[in-house]
Every structure is written in structure tokens, then in C-alpha cells.
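In: okay, sequence plus prediction incoming.
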Amino acid sequence: MNLTDYIKDIPDFPKAGIVFKDISPLLANAAATDKAIELLAMGLHNFQATKVVGIESRGFLLGILLAQHLKLGFVPVRKPGKLPGEIISQNYQLEYGEDALEIQANSIQPGDLVIIHDDVLATGGTAEAACKLVEKCGGVVVQCNFLMELDFLEGRTKIEKYQLHSLIHY
Ligand SMILES: O=P(O)(O)OC[C@H]1O[C@H](OP(=O)(O)OP(=O)(O)O)[C@H](O)[C@@H]1O
Ligand SMILES: Nc1ncnc2[nH]cnc12
């Protein structure tokens, strides 16, 4: 099975000039989803991870399945104003402007070994902010894990100090 058969290019979405990588066909196919999780999890047992962190919103979809597959708890990193209780925030640069991500302060304990999952690594700002949030909580990022990496955007340069694994490169 070739997972790229289940990822559809949508030209000019959400803006003109962007080719959006739509994972809906993959999610709609149980065997393809299963294969993606099996491949994402490969080698991860070696990291002795204690948590999987998924980034809102598409990072939740496979992130929770990955956490279950590894028998680990799942922790959401969310866009501002979505999480209750004590939260920790991290600002990051977008192509134009700034955004922020948040995590619940007690969701990661000092010493937790964390796998960060998202569907896409593009410019890398989102993943870098998620890594910083985990570290602000005292956790250690043991791997950043992506279904897809858009190589031409060079997002990996922002998170080059971490272990990085992307299943599919464009
Ligand atoms: O590497 P970057 O340039 O930071 O971009 C990658 C992020 O962009 C997308 O999320 P988006 O903001 O579209 O949100 P969504 O997952 O809720 O659709 C994707 O799911 C990653 O989280
Ligand atoms: N081209 C793209 N397709 C899907 N998600 C993205 N996130 C950032 N760039 C993306």
C-alpha cells in the first residue's frame, strides 16, 4: 500500500498558491490509517517515551491513535483560549504575523519523555512552539513525528536539535 495514494492535492486552498495536502481520504480508509500508525510508530519503542503530544487540530487525528498504539497518554496542544485551568503559552511567527499555542501546565510532568506529532511539517513554527511548550513544563522532546514534511519550506531547520521523523516527503 502506498500512503501517498490517500493524500489528495487541493490547489489554491486555503489561499491562492497553496497546494493543500488533504488527509481526508487516508482517514476515510481504515487500512491506510492503520498502515500510517504502524509506520509512524516504527522505532518509537526505543525512545522510552511517556507521552504523545498532538497539535490542534489535524495533529489530534493520528496523534491519539499513535498514543494508543504505543500505550501512552495523549496531551493536546491547542490554539489560544481552548484549554481550561492553568495554561502555558508560546507565541510563534507565521508567514505573516504571529500566533500562539497553549498547553495545560500540569499535563506534562518534569522528566516526561515526549513524542510530538503533527500531520504536516511546513515552515516549522508550529512544531517549534510545541517543543518549547513541552520544555516549559519540564518535559524532554524525544522525537518530532510527522505524517508529511514539505521539504521545500525547510521547516526542519527550526527543530534541527530534535530527533525528527516524517513518513512522507514532498
Ligand atoms: O510548519 P508550519 O508552517 O507551522 O505549519 C504546520 C501546521 O499547519 C497546519 O495546521 P493549521 O494551522 O492549518 O491548523 P489545523 O490543523 O487546525 O487545520 C498543520 O496541521 C500544522 O499544524
Ligand atoms: N500545504 C499544506 N497542506 C496541508 N497542511 C498544511 N499546513 C501547512 N501547509 C500545509
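Out: That came in fine, so what should we check first? Ligands and ions are numbered 1, 2, ... in the order given.

In: residues near residue 30, how many?
Out: Residue 30 has 8 neighbours, counted by other C-beta atoms under 10 Å. (Glycine included, C-beta is placed from N, CA and C.)

In: my bad, residue 134
Out: With neighbours defined by other C-beta under 10 Å, the count for residue 134 comes to 26.

In: likewise residue 157?
Out: 10.

In: spit out the contact partners of the residue nearest to it when sequence neighbours are not counted.
Out: The shortest distance from residue 157 to any non-neighbouring residue, by C-beta to C-beta, 6 or more residues apart in numbering, is to residue 124 (6.8 Å). Taking C-beta atoms under 8 Å, 6 or more residues apart in numbering, we find residue 124 in contact with 153, 154, 155, 156, 157, 158, 159.

In: among these, which pair sits farthest apart?
Out: Using C-beta to C-beta, the contacts of residue 124 span at most 12.4 Å, a distance reached by 153 and 159.

In: show me which of those two is the more surrounded one.
Out: residue 159 (20 against 15).

In: if I look at the residue nearest to residue 157, how far off is residue 33?
Out: Distance from residue 124 to residue 33, counting by C-beta to C-beta, to the nearest Å: 25 Å.

In: any residues of this protein in contact with ligand 2? List them.
Out: Residues of the chain found near ligand 2 (C-beta under 6 Å from any ligand atom) are 18, 19, 20, 21, 120, 122, 150.

In: so can I have JSON lines of the residues you listed showing secondary structure, pLDDT and neighbour count?
Out: Shown next, in JSON lines, are the residues of the chain next to ligand 2 (DSSP: H, G, I helix; E, B strand; the rest coil; pLDDT from 0 to 100; neighbours: other C-beta atoms under 10 Å):
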{"residue": "18", "secondary structure": "coil", "pLDDT": "92", "neighbour count": "12"}
{"residue": "19", "secondary structure": "strand", "pLDDT": "95", "neighbour count": "12"}
{"residue": "20", "secondary structure": "strand", "pLDDT": "96", "neighbour count": "14"}
{"residue": "21", "secondary structure": "strand", "pLDDT": "98", "neighbour count": "20"}
{"residue": "120", "secondary structure": "strand", "pLDDT": "97", "neighbour count": "22"}
{"residue": "122", "secondary structure": "coil", "pLDDT": "96", "neighbour count": "19"}
{"residue": "150", "secondary structure": "coil", "pLDDT": "97", "neighbour count": "19"}
